[in-house]
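S.K.: Structure of the sequence below:
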Amino acid sequence: MSVLIRGGRVIDETGERDADVLVRDGVIAEVGPGLDAAGATVLDADGAVVAPGLVDIQVHFREPGREDAETLETGARAAALGGFTAVVAMPNTTPPLDDAKVVGSVLEHGRRTACLVTVAGCITRGREGRELAPLGELYDLGVRIFTDDGDCVADANVMRRALEYSSALPGAVIAQHAEDPAMVAGGHMHEGEWSARLGIPGRPAAAEVTIVARDLELARITGGRYHVLHMSTAGATALVRAAKAEGVRVTAEASPQHFTLTDAECASFDPVFKMNPPLRSDADVEAIVAGLVDGTIDAIATDHAPHTPATKELPFEEAPPGMLGVETALAVSITRLSDPGTLTLADVLARLSWQPARIAGLDALGHGLPVAVGNPANLCVIDPAETWVVEADRSASKSRNTPWAGWKLTGRVRHTVLRGQPVVINREAHA
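M.R.: As a prediction, this is how the structure comes out:
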């Protein structure tokens, strides 16, 4: 199959240029002005940007175990509509992803969806924080990120062993949900002025800061690669910034909600704004933005966390944490970070594409690579100026718990190409 992406401006890690992109048999065949190809499927990119496909290194697609909220198929379709050609699904499933047979089955299924769905493996068996999962066996299947996400690895000795073991596995990363479980027990939102006003037990910022501080020291002494999932606090950002300057092998991500929304949203008692780690203070939000700007935070990841209406519509303190993100991440990022001039569009794309791809080792599978001849055609076409209003009931996800419903956003994905096949054409799913 041939695909011609015509009339766009290419932006990738190598720079920017006006060019058409011709794809043949899943590979970029030509890049340049005025291209033509008889019989090719033509995708209009006039006024748009052609970029490497986006890469989300933290999603929850709920399969196996909670297919009522999301499946690999529905999650991948939503991700493709958001411009993602690859995602990393977290292992807090039922059963958890700590077994080679289960992981192998999910990986096989994830190769056949509208975007590549790979997975993170558990750090510990059953995500119970006590005994290491078979990291080497999962690594041999292609797993590169290990985490007990949803739960923190609280035992320092277990975390140290994980970092030591993983340091012998090239490209392996130990990723932490950094919230001290004892400090956040019983809490449902950020501990601060708003939690006091609302009478809702809080989850203090210190719960994140203390775990990140401990883990950075463990990464320092073991030489292991450490990644902070959904970092949300000013204190943790400062620690990661200092550790990077010292040469510690650390990367970090932030979610759109953590650089856009604050704990004041919880005054509505709407559970759509409940998540872990929680929405933080204005000062924390500004610190996360600063971390994205100066490179302390390497990636934007959605922490896409679907829940059924029956569970998410429970009272605030009873509802599960989490919110949708894959269809809106690019637009929220452009609206929040590019529009005021905080970051260029190329900077935003770096944090949504090639930088997360490298963290997860997905560049080796052809994602986040430059738009260049010979590279796999995993691409997205973005209209950076299009404005649109988020409608929750039009999401491709099985769930509807988006905090962005009714928001007017700038920037929208027009087409997505996976392995040379258009899976989104003119904002409509084709896979």
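S.K.: mind listing what's buried in stretch 48-65?
M.R.: Within stretch 48-65, the residues scored as buried using 16 or more other CB atoms under 10 Å are 48-64. For every residue, glycine as well, the C-beta is placed using N, CA and C.
S.K.: count of residues packed around Arg127?
M.R.: Neighbours of Arg127 under the rule other CB atoms under 10 Å: 22.
S.K.: For it, which non-adjacent residue is closest in space?
M.R.: Asp148 (4.4 Å; CB to CB, 6 or more residues apart in numbering).
S.K.: which residues touch that neighbour?
M.R.: 91-92, 122-124, 127, 129, 177 (CB atoms under 8 Å, 6 or more residues apart in numbering).
S.K.: Turn those residues into TSV, including pLDDT, secondary structure and distance to Gln257.
M.R.: Output for these, formatted as TSV (pLDDT from 0 to 100; DSSP: H, G, I helix; E, B strand; the rest coil; distance: CB to CB, whole Å):
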residue	pLDDT	secondary structure	distance to Gln257
Pro91	98	coil	22
Asn92	98	coil	18
Cys122	98	coil	25
Ile123	98	coil	25
Thr124	98	strand	27
Arg127	98	helix	23
Gly129	98	coil	26
His177	98	coil	15
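S.K.: on that earlier part again, now, the buried residues of stretch 48-65 that are in strands?
M.R.: 49-52, 54-59 (DSSP state E).
S.K.: tell me how far stretch 275-284 is from the chain's mean position?
M.R.: Computed by CA atoms, centre = their mean, to the nearest Å, the chain-centroid distance of stretch 275-284 equals 17 Å.
S.K.: just stretch 104-118 next, same as before
M.R.: 16 Å.
S.K.: What lies in contact with that stretch?
M.R.: 53, 61, 63-64, 72-73, 75-77, 79-80, 84-89, 97, 119, 141-143, 360, 362, 365, 367, 378, 416, 418, 423-424, 429, 431.
S.K.: Ok, stretch 284-294 next?
M.R.: Counting by CB under 8 Å, 6+ apart, 190, 205, 231-234, 237-238, 240-241, 252, 254, 258-262, 296-297, 300, 336-337, 342-343, 347, 351 sit against stretch 284-294.
S.K.: Map the structural domains onto the sequence of the protein.
M.R.: Domains of the chain are assigned by automatic domain parsing as 2-50+374-429, 53-365.
S.K.: now, of these, which is deepest in the fold?
M.R.: With neighbours taken as mean count of other CB atoms under 10 Å, the domains of the chain reach their highest mean count in domain 53-365, at a mean of 21.
S.K.: Helix, strand or coil: sort out the residue nearest to Arg127 for me.
M.R.: coil (DSSP: H, G, I helix; E, B strand; the rest coil).
S.K.: Against Leu337, how distant is it?
M.R.: Going from Asp148 to Leu337 by CB to CB, to the nearest Å gives 30 Å.
S.K.: Just the helices from the stretch 1-150 of the chain, written as ranges.
M.R.: Secondary structure of the stretch 1-150 of the chain, counting by DSSP state H, counting those that start in this stretch: helices at 72-81, 100-110, 135-140.
S.K.: and the angle for the first one with strand 54-59?
M.R.: Okay, so that is helix 72-81. Orientation of helix 72-81 against strand 54-59 (axes from the mean of the first three to the mean of the last three CA atoms, to 10 degrees) gives an angle of 140 degrees.
S.K.: mind checking how far helix 72-81 is from the chain centre?
M.R.: 13 Å.
S.K.: and that helix, what does it pack onto?
M.R.: strand 54-59, strand 84-89, helix 100-110, strand 116-119, strand 408-418, strand 421-425, strand 428-429 (3 or more CB pairs under 8 Å, 6 or more residues apart in numbering; DSSP states H and E).
S.K.: please redo it, this time with the cut-off set to 7 Å
M.R.: strand 408-418, strand 421-425, strand 428-429 (3 or more CB pairs under 7 Å, 6 or more residues apart in numbering; DSSP states H and E).
S.K.: Summarise which helices and strands the shortest one is packed against.
M.R.: To tie it back to what came earlier, the one meant is strand 428-429. Against strand 428-429 (3+ CB pairs under 7 Å, 6+ apart) you get helix 72-81.
S.K.: pLDDT below threshold where in this protein?
M.R.: Residues of the chain that meet the criterion pLDDT under 70 lie in 339-340.
S.K.: So which residue is smack in the middle of it?
M.R.: The centroid of the chain falls nearest to Ala301 when counting by CA atoms, centre = their mean (2.5 Å).
S.K.: Wait, it touches Glu253, no?
M.R.: Yes - using CB atoms under 7 Å, Ala301 makes contact with Glu253 at a distance of 4.2 Å.
S.K.: if I look at these two, which residues touch both of them?
M.R.: Common neighbours of Ala301 and Glu253, using CB atoms under 7 Å, 6 or more residues apart in numbering, are 57-58, 230.
S.K.: just curious, which of those is nearest to Glu30?
M.R.: Ile57 (30.7 Å; CB to CB).
S.K.: Would you agree Arg160 falls within a strand?
M.R.: No - read with three-state DSSP, Arg160 is helix and lies in no strand.
S.K.: Would you enumerate the residues in contact with the spatially closest residue to it that is not a sequence neighbour?
M.R.: Among residues not flanking Arg160 along the chain, Leu218 sits closest, at 5.0 Å (CB to CB, 6+ apart). Residues near Leu218 by CB under 7 Å, 6+ apart: 156, 159-160, 163.
S.K.: same thing but 6 Å
M.R.: 159-160, 163 (CB atoms under 6 Å, 6 or more residues apart in numbering).
S.K.: Throw those residues into JSON lines and include distance to Gly39, thanks.
M.R.: JSON lines is the format used below for the contacts of Leu218 (distance: CB to CB, whole Å):
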{"residue": "Met159", "distance to Gly39": "55"}
{"residue": "Arg160", "distance to Gly39": "58"}
{"residue": "Leu163", "distance to Gly39": "53"}
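S.K.: Name the nearest of those residues relative to Gly199.
M.R.: Using CB to CB, the contacts of Leu218 come closest to Gly199 at Met159, 34.5 Å.
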